[in-house]
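Undergrad: give me coordinates for this.
(one chain, ligands or ions: 3)
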Amino acid sequence: MTQESILTVNAGSSSIKFELFELGETMHRGLSGKLDRIEQEGTRLTFSDYEHAESQTVDCQASDHFSAVDFLIDWFESKEILAGVTAVGHRIVHATQLAQPEIVTPALLDELYRDSQFAPQHLINELVIVEACQRSMPNVPQVLCFDSSFHHTMPRVASTLPIPRRYEAKGLKRYGYHGLSYTYLMQELQRLGDPAASEGRVILAHLGNGASMAAVRDGKCIDTSMGFTPAAGLPMGSRSGDLDPGVFSYLSRREGLKSDEFFDMANHESGLLGMSETSSDMRDLLAIESNDVRAAEAIDVFCYQAKKMIGAYAAALGGLDTLVFSGGIGEHSPEVRARICASLEFLGIELNDKRNADNDPVVSPMVSRVNVRVIPTDEELVIAQSVSETVAKLDRSFDQHSPNVSATSATNQGTQS
Ligand SMILES: Nc1ncnc2c1ncn2[C@@H]1O[C@H](COP(=O)(O)OP(=O)(O)O)[C@@H](O)[C@H]1O
Ligand SMILES: CC(=O)OP(=O)(O)O
Ligand SMILES: [Mg+2]
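TA: Ligands and ions are numbered 1, 2, ... in the order given. Next up is the predicted model:
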């Protein structure tokens with residue numbers, strides 16, 4: 001019998017991650033993988049089974065995101081991965097209004113395509129893969145899980161952009177992203193028994209290729225560093241983060257830079273990559289910084305801006321109880337955590353060198369005013385949980401209206417033989 005499962009899809013600007021959660025009495029992790037380096041040299045698919053953790057790699061001949069999606073769906077079908085899939089969950093970075101996961105409808109897809117300029121590097125890529133999954137699994141519910149939902153609790157003082165009021169009616173405000181990661185981190189804080197999870201002042205630092213922070217008071221987000229688009233806030237792998245608006249007007253007047261060129265510069269050529277002129281990857285820069293002043297400066301700017309953001313959020317929260325590092329850099333780099341936290345003792349932030357070097361779950365000393373934690377994020381689990389809850393709700397409403405129909409019985413008849 002085919003194993004029933006939920007498929008999660010997390011499409012980013014240059015990668016698509018997926019994972020199967022097998023359904024039984026409890027959910028079990030199955031196959032997972034990542035198609036990365038999309039639109040670069042050497043696009044490849046790496047996958048592994050949870051049980052047999054050794055990963056395998058397949059080369060992918062894809063010139064753009066669209067052909068990479070086709071490649072992935074063909075690979076799923078060739079491996080008969082989709083036959084048991086009863087629901088698919090997608091990470092969608094932006095939805096202007098929606099606070100809860102939603103089952104996709106044609107009207108919702110149209111609305112998201114209309115809004116795609118809110119997150120131009122992400123949203124189109126994500127919607128293309130939703131449609132590909134719909135074509136391949138026409139009878140399977142596709143659940144959209146929104147990054148921006150986590151930040152709906154932000155007060156107006158944090159979400160309002162200081163530009164003429166008329167633009168707000170057109171949707172120009174600060175939305176915030178990385179919300180699925182933040183949802184997981186708050187869930188973990190709760191599970192670990194950290195009292196600040198429900199009552200207290202928490203800063204969550206998701207430092208990956210994209211980087212942001214969120215300030216959370218009594219379990220609710222009150223501010224976050226990404227804003228109208230995911231290009232705002234901290235410097236990132238290749239995104240600038242916050243920029244003086246004068247930079248665009250100056251470059252457009254002096255160098256004739258067009259808005260599309262400015263977009264590419266700020267999103268693809270800036271951040272660690274732009275400052276180091278070498279790489280957007282923190283590991284590469286840490287490896288060469290002792291001999292390369294540009295790499296050293298790029299890391300310094302990244303850590304300095306992160307430190308300032310912590311100071312700003314401690315002020316917004318009226319103090320700090322817990323600081324969480326996550327994302328590829330936050331989880332794996334003792335050096336970056338140490339540089340960010342240096343001289344923040346006045347806020348109660350201290351690191352224990354040994355624990356920090358070991359990437360321990362708690363990297364602050366045993367007795368410390370602020371708990372400094374390292375929590376590996378798990379956006380996939382949040383997506384799978386949301387799918388399971390959303391489909392259960394759908395089942396209940398089917399049960400009320402039509403007792404013989406069940407959404408979870410809708411396995412992928414489109415690909416089953
Ligand atoms: N051991 C490490 N030390 C420093 N940086 C690391 C380490 N491992 C991963 N990283 C960095 O994490 C970043 C990628 O983060 P990740 O969260 O995996 O990215 P994505 O946003 O694509 O999900 C890269 O800059 C990478 O260099
Ligand atoms: C929203 C965002 O920046 O996501 P990522 O870090 O996955 O690029
Ligand atoms: Mg990520």
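
Undergrad: who does Asn371 bridge with?
TA: Thr322 (DSSP bridges).

Undergrad: neighbours around it, how many?
TA: Asn371: 22 surrounding residues under other C-beta atoms under 10 Å. All C-beta atoms are positioned from the backbone trio N, CA, C, and that covers glycine.

Undergrad: show me the contacts for it.
TA: Asp194, Ala196, Asp321, Thr322, Leu323, Val362, Ser364 (C-beta atoms under 8 Å, 6 or more residues apart in numbering).

Undergrad: so how far is ligand 1 from Val216?
TA: 20 Å (C-beta to the nearest ligand atom, to the nearest Å).

Undergrad: what does Leu251 give?
TA: 27 Å.

Undergrad: returning to that earlier point: now, which of the contacts of Asn371 sits nearest Gly210?
TA: Leu323 (19.2 Å; C-beta to C-beta).

Undergrad: quick check: residues of the stretch 1-150 of the chain near ligand 1?
TA: Residues of the stretch 1-150 of the chain lying close to ligand 1 by C-beta under 6 Å from any ligand atom are Gly12, Ser15.

Undergrad: got the residues of the stretch 1-150 of the chain near ligand 2?
TA: Counting by C-beta under 6 Å from any ligand atom, the residues of the stretch 1-150 of the chain near ligand 2 are Gly12, Ser13, Val93, His122, Asp147.

Undergrad: for the residue in the stretch 1-150 of the chain that ligand 2 sits nearest to, what are its contacts?
TA: Residue nearest to ligand 2 within the stretch 1-150 of the chain (C-beta to the nearest ligand atom): Gly12, separated by 4.0 Å. Counting by C-beta under 8 Å, 6+ apart, Gly12 touches His122, Asn125, Asn209, Gly210.

Undergrad: residue contacts, the second one?
TA: It refers to Asn125. Ala11, Gly12, Ser13, Ile16, His65.

Undergrad: surely the fourth one meets Phe71?
TA: By that I understand Ile16. No. Using C-beta atoms under 8 Å, Ile16 is not in contact with Phe71, being 9.9 Å away.

Undergrad: common neighbours of these two, please.
TA: Leu35.

Undergrad: what sits against the residue of the stretch 201-350 of the chain at minimum distance from ligand 2?
TA: Distances between the stretch 201-350 of the chain and ligand 2 by C-beta to the nearest ligand atom are smallest at Gly210, namely 2.3 Å. Contacts for Gly210 (C-beta under 8 Å, 6+ apart) come out as Gly12, Ser13, Tyr177, His178, Met226, Pro230, Met236, Gly237, Arg239.

Undergrad: just the buried ones from those residues?
TA: Gly12, Ser13, Tyr177, His178, Met226, Pro230, Met236, Gly237, Arg239 (16 or more other C-beta atoms under 10 Å).

Undergrad: next, format these as a markdown table and append distance to Gly311, pLDDT and secondary structure.
TA: Putting the buried ones among the contacts of Gly210 into a markdown table (distance: C-beta to C-beta, whole Å; pLDDT from 0 to 100; DSSP: H, G, I helix; E, B strand; the rest coil) gives the following:
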| residue | distance to Gly311 | pLDDT | secondary structure |
| --- | --- | --- | --- |
| Gly12 | 29 | 79 | coil |
| Ser13 | 29 | 74 | coil |
| Tyr177 | 22 | 95 | coil |
| His178 | 20 | 96 | coil |
| Met226 | 18 | 97 | coil |
| Pro230 | 22 | 93 | coil |
| Met236 | 19 | 97 | coil |
| Gly237 | 23 | 95 | coil |
| Arg239 | 22 | 95 | coil |
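
Undergrad: what's Gln190 sitting at in phi/psi?
TA: When quoted as degrees, to the nearest 10, the phi and psi of Gln190 stand at phi -60, psi -50.

Undergrad: spatially nearest residue to it (excluding sequence neighbours)?
TA: Leaving aside its sequence neighbours, Gln190 sits nearest to Ala197 (C-beta to C-beta, 6 or more residues apart in numbering; 4.2 Å).

Undergrad: again with Asp64
TA: Asp64 sits nearest to Glu39 (C-beta to C-beta, 6+ apart), 5.9 Å away.

Undergrad: so that neighbour touches Ser67, yeah?
TA: No. In this structure, Glu39 is not within contact of Ser67 by C-beta under 8 Å, at 9.9 Å.

Undergrad: burial check on Asp264, number of neighbours?
TA: The burial count for Asp264: 14, using other C-beta under 10 Å.

Undergrad: where's it, which helix or strand?
TA: helix 259-268 (DSSP states H and E).

Undergrad: helices or strands up against whatever helix or strand comes next after that helix?
TA: The helix or strand immediately downstream of helix 259-268 is helix 271-276, counting by DSSP H and E. Helices and strands touching helix 271-276, by 3 or more C-beta pairs under 8 Å, 6 or more residues apart in numbering; DSSP states H and E, are helix 282-288, helix 293-317.

Undergrad: can those go into CSV with extra columns for mean neighbour count?
TA: Shown next, in CSV, are the helices and strands packed on helix 271-276 (neighbours: other C-beta atoms under 10 Å):
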stretch, mean neighbour count
helix 282-288, 17
helix 293-317, 18
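
Undergrad: now the ones you listed as TSV including mean pLDDT and distance to Glu380?
TA: What follows is the helices and strands packed on helix 271-276, written out as TSV (pLDDT from 0 to 100; distance: least, C-beta to C-beta, whole Å):
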stretch	mean pLDDT	distance to Glu380
helix 282-288	96	22
helix 293-317	98	25
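
Undergrad: in CSV, list the ones you listed along with distance to ligand 1.
TA: Listed next are the helices and strands packed on helix 271-276 as CSV, based on distance: least, C-beta to the nearest ligand atom, whole Å:
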stretch, distance to ligand 1
helix 282-288, 4
helix 293-317, 10
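
Undergrad: TSV for the ones you listed, including distance to Trp75?
TA: Converted to TSV, the helices and strands packed on helix 271-276 look like this (distance: least, C-beta to C-beta, whole Å):
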stretch	distance to Trp75
helix 282-288	28
helix 293-317	35
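
Undergrad: so which residues on the stretch 251-400 of the chain come close to ligand 1?
TA: Asp281, Met282, Arg283, Leu286, Gly327, Gly328, Ile329, His332, Ser333.

Undergrad: which residue is the nearest non-sequential neighbour of the second one?
TA: Closest residue to Met282 apart from its sequence neighbours, by C-beta to C-beta, 6+ apart: Ile329 at 4.9 Å.
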